[in-house]
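**Q** need the 3D shape of this:
(chains A and B)
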Amino acid sequence: MSPPRRPAASAPVRRLLALALLLPALLATALLGLAGGSAAASTTSPLPTASQSDAPAGRTVVRVGTEGTYAPFTFTDPDTGELTGYDIDVVRAVAERAGWRLEFAETTFDAIFAALDSGRVDVIANQVTINPERQARYLFSTPYTYSRGVIVTAADDDSITSLADLEGKTTAQSETSNWAQVARDAGARVESVEGFAQAAELLVQGRVDAIVNDNIAVLDYLASTGDDDVKIAGNAGDEVGEQAFVFRQDDPQLQQQADAALASMTGDGTLADISEKYFGADVSIPDGGEVTELEGSDTRDTTEVVADTAWPMLRGLLTGTVPLTVVSFVVGMALALVAALARMSGNPLLRLPAQFYISIIRGTPLLVQLFIVFFGLPQVGIRIPSFTAACIALSLNVGGYAAEIIRGSILSVPRGQFEAATTIGMSYSQSMRRIVLPQAARIAVPPLGNTLLSLVKDTSLASTILVTELFREAQIAAAPSGQFLPLYLFAGLYYWVVCFLVSVAQRRLEHRLERYAT
Amino acid sequence: MSDHDPTAPLVEVRGLRKAFGEREVLRGVDLTAGEGTATVLLGPSGSGKTTVLRSLNVLETPDAGRVRIADAEIDFDAPPRDRSTRRREVAALRSRSGMVFQSHHLFPHKTVLGNLLEGPVQVQGRAVDEATADARRLLEQVGLTGREDAYPAQLSGGQQQRVGIARALALQPQVVLLDEPTSALDPELVSEVLAVIRDLAAAGWTMLVVTHEVRFARDVADQVLFLDEGVIAERGGAEVLTDPQHDRTKQFLRRVLDVT
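**A** Predicted structure coming up:
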């Protein structure tokens, strides 16, 4: 007798919405506290925040951006699991003299300058070569490395021996690195990669013709992997490159402190000692001798690498992946409920923003959303720590998708249920809470389970914004060792185990809710 | 509401009109029902009888007219003073009646007892112990003692509808509205539900029933209203069913009785 129409949200809805809006706000507050707390808990935290309160008095907290995957300059010591390398030791020695307290943030080379620009790090210690373009935008310390570039090719390729031969060839480089510029200037096409190890792997696999990189990094790679499929084919020009620390232009004080420290380290031989320790030659001065052979910073075999990485990956899972998933899912569900109810509202002031939000989230890639929150917002003055930024982006994403699931589930609860609740005197929010939503929940469990599984895996994208989670640990271990297949398989296994547990829990929940199935 | 006359009929509807889009379903319906009486609404499908019932608890909002149950009244001709006043009026009117639906609409995620307690405890704020004792008594009345902890899906259609009736009664309403309570049931389950409704009538509950069960109507009806095309075409006592005056009523009864 009556047309099939839904109860339109009216005045009582707004009260329920107000209630629902409070929930995410509370969660977000708790979340910010959580992120701040965990960052303060550890000095080698991957989540640097600007407001460290536990720094010893008189010591400036200086956040260092570095790849952590570029041996022997910046890498994770396979024996101790600690960040180490020539650049790391040098910046530590500088810090000691300059009175800095260091915090390291590891990220890919191509994200390092963005991190410096957005104020997430204060200095880059990553073999950054001084060139005019960079000098126009940044401050450099005095150089602490003098090195030259080499061209690496497949062992059986004799067609390339100099930069001139790169014309028309393909090379693999970090997009924004100086070596990429060298290759481009020589007429080569540049494939963008995330670090030296990945570039070397592409060369070994025959996907590119050559790579141009630092002599020392190449020698270390050859010694570490024992790889005889590739060789040093020639010098990348005759110029000696100068590498130095990079600061923002508005930070001349740090630069001056660094220069003073470097000068004293050159004077007392500290810098030369560090260089000798890593390279068997002094690369901190222009003519300190040629680096010809290295031991290799990582000479472990596959079994050792995997065994050594099992714990760091598990730690990444427990302190990165799982908390990211849990927080984002809880906040995302609250958002989804609000968005779903607003989307069903008769009031366009509620409905249209909800529609817009859902459309934006579902119409843009998660990676883009992450980058907007992490790299984009600081440009308008909103600076969010990396873990929190990842939680925000992932929550918003989950919220957009789950909103439609929840809306569909609410709509699939028979209208008679709402009417029955109405006739026994329930208000809109009472009927929603006690009658409609519990039934919608049962309908929503399978699709929301899917959302949760996707979320578990999507947290790996947080590795691109300085969050040290499971996949980032796998990358850190894979970089110096070159053991991509076993490590990524192992990382995949960890994800699979978590997802398996989630789906078991989902089945049990479905089974429990099944008891009243009609 | 304070000027309510205690001698007036318990239920009173005046000039009720309702259109769904272009289609006028109710075109001016007037009715009264005295306390303790059973009123049966009959009529072909589309005649508006269910809409009359659903207007009494504002599941449908009438376009015009007045609806009153006991001391709760809404005048749909006068624009509401504001939204919260109208919301209070609607809540007051709804609290005077209990509704039994054609397809019961029991809450599938609650047990039988849970279905009965939801209104009294959550809405009326009664003590759980007291409401539970009342609910058990009601379940005994409708013959479902021992099924308190079953879920609706575990019951037969007839049992489900009897729970639906008990749920309406648990609110201690002044009027029970029954919307084709047996139409969705298998034929062999109809009689157990009708028996329960007969008991209610005998116990003095004020009832408005939309039904096609003419024999049952003959047994229980104090008043019969025959609706046709949105108006009450014929009204009277149970004799309307045996000795109809209006052509449309005769036609309808012939058809219904042939079928049954």
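
**Q** the helix or strand where A:Pro486 lies: how far from the chain's middle?
**A** In this structure, A:Pro486 is located in helix A:484-513 according to DSSP states H and E. With Cα atoms, centre = their mean, to the nearest Å as the basis, helix A:484-513 stands 22 Å off its chain's centre.

**Q** what's the average pLDDT for it?
**A** Mean pLDDT, helix A:484-513: 92.

**Q** in that helix, what's buried?
**A** For helix A:484-513, the neighbour count (16 or more other Cβ atoms under 10 Å in any protein chain shown) marks A:Phe484, A:Pro486, A:Leu487, A:Phe490, A:Ala491, A:Tyr494, A:Tyr495, A:Val498, A:Val502, A:Gln506, A:Leu509, A:Leu513 as buried. Yep, even glycine has a C-beta here, placed from its N, CA and C like the rest.

**Q** show me the two of the residues you listed that sit farthest apart.
**A** The distance between the two most remote of those (Cβ to Cβ) is 42.5 Å, for A:Phe484 and A:Leu513.

**Q** beyond the worst-scoring helix or strand of chain A on mean pLDDT, next helix or strand please.
**A** One helix or strand of chain A scores below all others by mean pLDDT, DSSP states H and E: helix A:11-40, with a mean of 46. With elements assigned by DSSP H and E, the helix or strand that comes after helix A:11-40 is strand A:60-66.

**Q** contact partners of that next one?
**A** By Cβ atoms under 8 Å, 6 or more residues apart in numbering or on different chains, the residues outside strand A:60-66 that reach it are A:48, A:52, A:55, A:74, A:83, A:87-88, A:91, A:95, A:99-107, A:112, A:115-116, A:120-126, A:254.

**Q** can you tell me which of the residues you listed are buried?
**A** When these are checked for burial by 16+ other Cβ under 10 Å, the buried set is A:48, A:52, A:74, A:83, A:87-88, A:91, A:95, A:100-107, A:112, A:115-116, A:120-126, A:254.

**Q** also near chain B: which of those residues, exactly?
**A** The overlap between the buried ones among the contacts of strand A:60-66 and the neighbours of chain B (Cβ under 8 Å from any Cβ of the partner chain) is empty.

**Q** now, those that are in helices?
**A** Assigned to helices by DSSP state H, the following of the buried ones among the contacts of strand A:60-66 qualify: A:Asp87, A:Ile88, A:Val91, A:Ala95, A:Ile112, A:Ala115, A:Leu116, A:Leu254.

**Q** so can I have a markdown table of the residues you listed showing pLDDT?
**A** Formatted as a markdown table, the entries for those read as follows, by pLDDT from 0 to 100:
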| residue | pLDDT |
| --- | --- |
| A:Asp87 | 94 |
| A:Ile88 | 95 |
| A:Val91 | 95 |
| A:Ala95 | 94 |
| A:Ile112 | 90 |
| A:Ala115 | 88 |
| A:Leu116 | 91 |
| A:Leu254 | 94 |
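
**Q** can you pull the residues of the stretch 1-150 of chain B lying near chain A?
**A** Counting by Cβ under 8 Å from any Cβ, the residues of the stretch 1-150 of chain B lying close to chain A are B:20-21, B:25, B:46, B:48, B:50-51, B:54, B:57, B:59-60, B:83-84, B:87, B:91, B:94-95, B:97-99, B:101, B:103, B:105-109, B:118-119, B:122-124.

**Q** filter those down to the buried ones.
**A** So, by 16+ other Cβ under 10 Å, the buried ones in the residues of the stretch 1-150 of chain B next to chain A are B:25, B:48, B:50-51, B:54, B:57, B:59-60, B:87, B:91, B:94-95, B:97-99, B:101, B:103, B:105-109, B:118-119, B:122-123.

**Q** OK, contacts around the closest residue to B:Arg147 other than its chain neighbours?
**A** With Cβ to Cβ, 6 or more residues apart in numbering or on different chains as the criterion, B:Arg147 has its nearest non-adjacent residue at 5.4 Å, and that residue is B:Val112. Contacts here follow Cβ under 8 Å, 6+ apart; on that basis B:Val112 touches B:Leu139, B:Leu144, B:Arg147, B:Glu148, B:Asp149, B:Ala150, B:Tyr151, B:Pro152, B:Leu155, B:Val163.

**Q** ramachandran coordinates for B:Val112?
**A** Here is the backbone geometry of B:Val112 (degrees, to the nearest 10): phi -60, psi -50.

**Q** kindly report the same for A:Leu466.
**A** Torsion angles, degrees, to the nearest 10, at A:Leu466: phi 70, psi 10.

**Q** quick check: it touching A:Phe104?
**A** No. The pair A:Leu466 and A:Phe104 does not pass the contact test of Cβ atoms under 8 Å, sitting 10.2 Å apart.

**Q** got a pLDDT number for the residue nearest to B:Val121 when sequence neighbours are not counted?
**A** Closest residue to B:Val121 in three dimensions, ignoring its sequence neighbours and counting by Cβ to Cβ, 6+ apart: B:Ala131, at 5.3 Å. Per-residue pLDDT puts B:Ala131 at 95.

**Q** buried sites along the helix or strand encompassing B:Ala131?
**A** Applying DSSP H and E as the criterion places B:Ala131 in helix B:128-141. Taking 16+ other Cβ under 10 Å as the neighbour-count basis, helix B:128-141 is seen to contain the buried residues B:Ala131, B:Thr132, B:Asp134, B:Ala135, B:Leu138, B:Leu139, B:Gln141.

**Q** got the contact list for the last one?
**A** By Cβ under 8 Å, 6+ apart, the contact list for B:Gln141 reads B:Ala166, B:Leu169, B:Val196, B:Asp199.

**Q** and the second one, how many neighbours?
**A** In this case it means B:Leu169. One way to gauge burial is a neighbour count; for B:Leu169, by other Cβ atoms under 10 Å in any protein chain shown, it gives 22.

**Q** so it sits against B:Leu139, correct?
**A** No. Distance between B:Leu169 and B:Leu139: 10.2 Å, which falls outside the contact criterion (Cβ under 8 Å).

**Q** from the contacts of B:Val112, which is closest to chain A?
**A** Comparing the contacts of B:Val112 against chain A with Cβ to the nearest Cβ places B:Tyr151 closest, at 4.3 Å.

**Q** check the gap between the closest one and B:Ala168 for me.
**A** 19 Å (Cβ to Cβ, to the nearest Å).

**Q** the more surrounded of these two?
**A** For B:Tyr151 and B:Ala168, the more surrounded residue by other Cβ under 10 Å is B:Ala168, and the numbers stand at 27 against 20.

**Q** check the nearest residue to B:Val163 once chain neighbours are set aside and give its pLDDT.
**A** Nearest in space to B:Val163, with sequence neighbours left out and distances taken as Cβ to Cβ, 6+ apart, is B:Val112 at 5.4 Å. In the prediction, the pLDDT value recorded for B:Val112 is 96.

**Q** what is A:Asn213 paired to in the beta sheet?
**A** With DSSP bridges applied, the residues forming beta bridges to A:Asn213 are A:Val150.

**Q** surely it meets A:Thr171?
**A** No. When contacts are counted by Cβ under 8 Å, A:Asn213 is not listed as touching A:Thr171 (9.5 Å).

**Q** which residues of the chain score low on pLDDT?
**A** Answering for chain A, as no chain was given. In the predicted model of chain A, residues A:1-58, A:288-289, A:296-299, A:480, A:515-518 satisfy pLDDT under 70.

**Q** wait, I meant chain B there
**A** For chain B, the stretches flagged by pLDDT under 70 are B:1-6, B:258-260.

**Q** please repeat the previous calculation with a cut-off of 90.
**A** Along chain B, the model assigns pLDDT under 90 to residues B:1-8, B:22, B:43-47, B:78-85, B:183-189, B:191, B:212-216, B:218-220, B:236-260.
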